[in-house]
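Novice: Return a 3D structure for these sequence lines:
(chains A and B)
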Amino acid sequence: MWTRKASFTFTGGIALVLIGMMISNLQMMILGLTFVAFIVVNSWISGHGEVEVQRTLSADNLYKGDDLYVELLVTNRSNRNTQLLEVYDNIPHEMKLRSGLNQMRLNLKPGESARIRYVLRCPLRGHYSIGPVSLRSRNTFNLSVDEMYVDHHSDIVIFPQIKEVEEAFLRSRTPKMYTGATTLRTPGQGSEFYSLREYVPGDPFKNINWKAFARTGELMVNEKCRDAVTDLYLLLDSRDIARIGTVLKNPLEMGTVSAASLAAFFLKRRDSVALAIFDEKLSYLPPDTGDKQYFKILSALAGVSPKGSMPLQAVTNSLSGRFSRGSPVFIISSCEGDGTVPAAVRDLVGRGHEVTVLSPSSIDFERLVSRIPRMSYEVLKLERQNRLTTLAGSGAQVIDWMPDMDLSQALMQVRGY
Amino acid sequence: MLSGRNINYRRFGLQAAFWFVLTLLLMTVLLNFVNLSNTNQLSAYDDDWDDMSAFRADLKDAGIKTSSLVSSPLLLADIEDPRNTTYIVAGVERDTLSLPQFDEDGFITIAADDGYSPSEIDAIVEFVEAGGTALVLEDYGFAGTIAEAFGVRYTGYQLYDTTYVPELDYNFIWMCVQATPCGMNGSAIDQSTVSVHNRWSGNLGEGEHPCSILDGQSMDLEDAGLCTQHWNAGEIQYNATYQVLLNDITALELIPGVRGALPEVSVRAVTSNEATVDVNGDGEIWVGNEQNSETPDLWGQFNLSFEACARSTCDPNDGGRIVFMADGSALINAMYDYEGFNEGKYGPTNKTIPENDNRKWAMDFIAEALMSTEADEVGQPSETAMVIFDESRHPQNALLADSYNTIYFLLVYFTGEGLAMLLLFLVLFVTFEAVLLKKRDPEPWRHVFSIIYYGFGDANRYTYYAKSDKIRQVFLSKVRNQNGLNREEFHAMPAKDLVSLINDPVLAKFAIEPSKYSLEQTVAVVKRIKAWGRT
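Specialist: Residues are numbered from 1 along each chain as shown, chains lettered A, B, ... in the order given. Here you go, the predicted model:
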């Protein structure tokens, strides 16, 4: 493709030739022809973009806010110089260039390589792809530009941030709530001491209490409390209404952070965690433990986007049969625009589940982006308070989560309802 | 499956039809530009019997530069020395391209079926006015517009005369270049009726023609230069009589009341008094005392040649001149080089062309126009002498030559014609502007970090939430929730109990008595509702 300079030179050349003919001026015609000839000769001399690129990332999965180190290796595999070659690594606009540059101007000799290094900050969760690599080759006089790209992509997943959740808080604030996660006063496999008993053949030697043996002269073994592991169910509201707010502060974004943090906390305690995301449809990840489940949950949360308007009751009707008896259920929802929430919560509580509703205050998120009249805001808040009170009256633990409130702080409100 | 096959057939059918139509269109256009039948004639650059290569060869032998004009006579404007240039139009066989241009009144016009466009006519006129010499040999073709610019008209009807060549046929007619008509003596021109025209004879019978200066001088043939046609037996024997053989001719006439570009328009040759013109073109002559439907044809004396000059002397040094002759074929090889033709030089023939003065007349015309005015160069052509043959209206037999000529014509049109130049200027201007405005270099690559996003709620509900009915509804919900009542219980509750539950006269009135509240009252009520139930 000709550059503006080339187009202008060529047009000028033609114009000079024609005007020269009009006014019978040979010099003008020759000058015009010179311009045209210059363009023609230059079109024979062009660079190329036959290069090989290889991208290396510091990680394939990151947490929101982490830095990603990228290195791009560009190698000229042809037998010609590339001439002026611009290389640009396309990165998602949601990522911030922290240091280095994702582009470079090169003139690579045959077989020569160059490296482009840069660091990206990833402020938003999601599934992203870096690439393709755009190439723009120019000839010496910058008269022609050819653009092409190397279809080389690197996929990365940005997980939601994991916030610290105080274990003591959860235990103290919600006694007996997480029956599976607390120690049961029955002997079994576990970590905490339960009692001493006489040794019976088959007991492992590591359980023998040698001090007691020395004191009593009889072989005694330590018995441990059984660590009961149970299932925790996280229901995340990803309906279209959850998008209200800014890109970094909205009910969905806070919901993913809280879901990821709670999942991390409970999975670390060897509980099983299930995740249900409801938007225009229901996505359900059955309860499981371990790192694999942790990765699955984070991946699912990374790809969540607000859409649809599935009511909560449809979710609980669909899933309550699969819920383990008495297991705790976390509902992360603003509870806006869904009249079925009280009924759904009542149903869950009635089935013996410990229900906690973690509700980002959508009206306060809306206030971040919209000028809401004071009186309307107060009435809307009152209505929301009524709604949460109704849920609390149904037997659920309700947390009103304000935009500027930390997750741990928010969880402390449990007692308030 | 069947429908898929049908779609394929339809697609192939459509494609075939498309290519067929495209080929047809291209062939239609191309056939206009490719002359496969090789029917060109009257060309100075071809050597068939009906071309003019012998004349051109004589010019070259005389040391005159010859060139052809294949695009447009507009190029005559670029001739540097019109005085020593002769422009020859012989047989205009096709029309010009009809393109928009300014006419003489300054209006935009489209020339159509005129042979030459107005600007081309202007270019020829300007060439002649600038001192150039032009010779127009034409009969029924498209050169009429040139003649009309000089006040002369080609009648376009075939002319018959009693001075024809009986050995051949009535189409071969003698033209004596003199003021009075010549007559026949049996099968040949009666030499007693042959005289000289005063254009070349002068009052004293002395020739005004430049070759007459050399009359009687002894010299070698090589030294005779442009007067070679008068050389005989080692000396110049100037003779101003011309018996020019014409073929298939028409007549010329002055246009009444029209003043041409040059003031001096004179008849140079006429027919006999018994010539006839086949006006209705039926091949038969019906003449009477008056022209009517019974006797539509004309008889009498008609003009065969006109000369228009800038001065009455018609001296080339005093200004330009143009000669019109009523036959386009006067200089074709068959008649110009009759000896060669009779010998079969231009192909086998069963005709014998009689001896004629076509060569002498033509070369005398050239000699008068292009002879040097230097005293020591008498008889020799001037240094810049040039003859231009107009080939722009002759079909070319070389492959795509006509296409080339057409493109060249358009180029000349756009650089020579006023309207086209204006258009070209405009196009160039617009092109420049378009390049400046539209042609953008690729933007420099730049990473833009952008996560700006706002998820707005439904702003329409804000006004709804400021209405007292909605506020009342919210308040009653709060009362119900605070007291742990379900909807049924709450609705069944008497107003008195509700008032006692609320325990606030203002709010109780607000809850029970719907009435209009001002903005200030509503604000106060909302504040009260907010505080209600805290203690």
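Novice: Can you list the residue ranges for strands in the stretch 101-250 of chain B?
Specialist: Shown for the stretch 101-250 of chain B, the strands assigned by DSSP state E, counting those that start in this stretch span residues B:108-110, B:133-137, B:152-154, B:158-160, B:172-176, B:184-185, B:188-189, B:231-232, B:235-236, B:243-247.
Novice: nearest to chain A, of those strands?
Specialist: Closest approach to chain A among the strands of the stretch 101-250 of chain B (CB to the nearest CB): strand B:108-110, 18.9 Å. Just so you know, the C-beta spots here come from the backbone N, C-alpha and C atoms, and that holds for glycine as well.
Novice: re earlier: lowest average confidence across the strands of the stretch 101-250 of chain B, which one?
Specialist: If you rank the strands of the stretch 101-250 of chain B by mean pLDDT, strand B:108-110 sits at the bottom with a mean of 65.
Novice: Using JSON lines, lay out the strands of the stretch 101-250 of chain B together with distance to chain A.
Specialist: Formatted as JSON lines, the strands of the stretch 101-250 of chain B follow (distance: least, CB to the nearest CB, whole Å):
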{"stretch": "strand B:108-110", "distance to chain A": "19"}
{"stretch": "strand B:133-137", "distance to chain A": "21"}
{"stretch": "strand B:152-154", "distance to chain A": "31"}
{"stretch": "strand B:158-160", "distance to chain A": "43"}
{"stretch": "strand B:172-176", "distance to chain A": "40"}
{"stretch": "strand B:184-185", "distance to chain A": "53"}
{"stretch": "strand B:188-189", "distance to chain A": "49"}
{"stretch": "strand B:231-232", "distance to chain A": "41"}
{"stretch": "strand B:235-236", "distance to chain A": "41"}
{"stretch": "strand B:243-247", "distance to chain A": "38"}
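Novice: Could I get these in JSON lines, plus columns for mean neighbour count?
Specialist: Below are the strands of the stretch 101-250 of chain B laid out as JSON lines (neighbours: other CB atoms under 10 Å in any protein chain shown):
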{"stretch": "strand B:108-110", "mean neighbour count": "11"}
{"stretch": "strand B:133-137", "mean neighbour count": "26"}
{"stretch": "strand B:152-154", "mean neighbour count": "22"}
{"stretch": "strand B:158-160", "mean neighbour count": "21"}
{"stretch": "strand B:172-176", "mean neighbour count": "25"}
{"stretch": "strand B:184-185", "mean neighbour count": "14"}
{"stretch": "strand B:188-189", "mean neighbour count": "16"}
{"stretch": "strand B:231-232", "mean neighbour count": "17"}
{"stretch": "strand B:235-236", "mean neighbour count": "19"}
{"stretch": "strand B:243-247", "mean neighbour count": "24"}
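Novice: Make JSON lines out of the ones you listed and add distance to B:V258.
Specialist: Conversion of the strands of the stretch 101-250 of chain B to JSON lines gives the following (distance: least, CB to CB, whole Å):
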{"stretch": "strand B:108-110", "distance to B:V258": "19"}
{"stretch": "strand B:133-137", "distance to B:V258": "17"}
{"stretch": "strand B:152-154", "distance to B:V258": "9"}
{"stretch": "strand B:158-160", "distance to B:V258": "22"}
{"stretch": "strand B:172-176", "distance to B:V258": "24"}
{"stretch": "strand B:184-185", "distance to B:V258": "34"}
{"stretch": "strand B:188-189", "distance to B:V258": "34"}
{"stretch": "strand B:231-232", "distance to B:V258": "42"}
{"stretch": "strand B:235-236", "distance to B:V258": "40"}
{"stretch": "strand B:243-247", "distance to B:V258": "25"}
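Novice: For B:K351, which non-adjacent residue is closest in space?
Specialist: Spatial nearest neighbour of B:K351, excluding adjacent residues (CB to CB, 6 or more residues apart in numbering or on different chains): B:L168 at 6.3 Å.
Novice: number of nearby residues for that neighbour?
Specialist: Burial measure for B:L168: 15 neighbouring residues, criterion other CB atoms under 10 Å in any protein chain shown.
Novice: just A:N222 next, same as before
Specialist: Close neighbours of A:N222, defined as other CB under 10 Å, add up to 15.
Novice: and B:W200, how many neighbours?
Specialist: Neighbours of B:W200 (other CB under 10 Å): 23.
Novice: How about B:M371?
Specialist: For B:M371, the neighbour count with other CB under 10 Å is 25.
Novice: Please apply the same query to A:L358.
Specialist: When neighbours are counted by other CB under 10 Å, A:L358 registers 28.
Novice: how about it, phi and psi?
Specialist: Phi and psi for A:L358, reported as degrees, to the nearest 10, are phi -100, psi 110.
Novice: isn't it right up against A:W401?
Specialist: Yes. Assessed by CB atoms under 8 Å, A:L358 is found in contact with A:W401 at 6.0 Å.
Novice: shared neighbours of those two, anything?
Specialist: Counting by CB atoms under 8 Å, 6 or more residues apart in numbering or on different chains, the contacts common to A:L358 and A:W401 are A:S258, A:A410.
Novice: any chance you could map the helices in the stretch 401-535 of chain B?
Specialist: B:401-416, B:418-438, B:461-464, B:468-482, B:487-492, B:495-502, B:505-512, B:519-531 (DSSP state H, counting those that start in this stretch).
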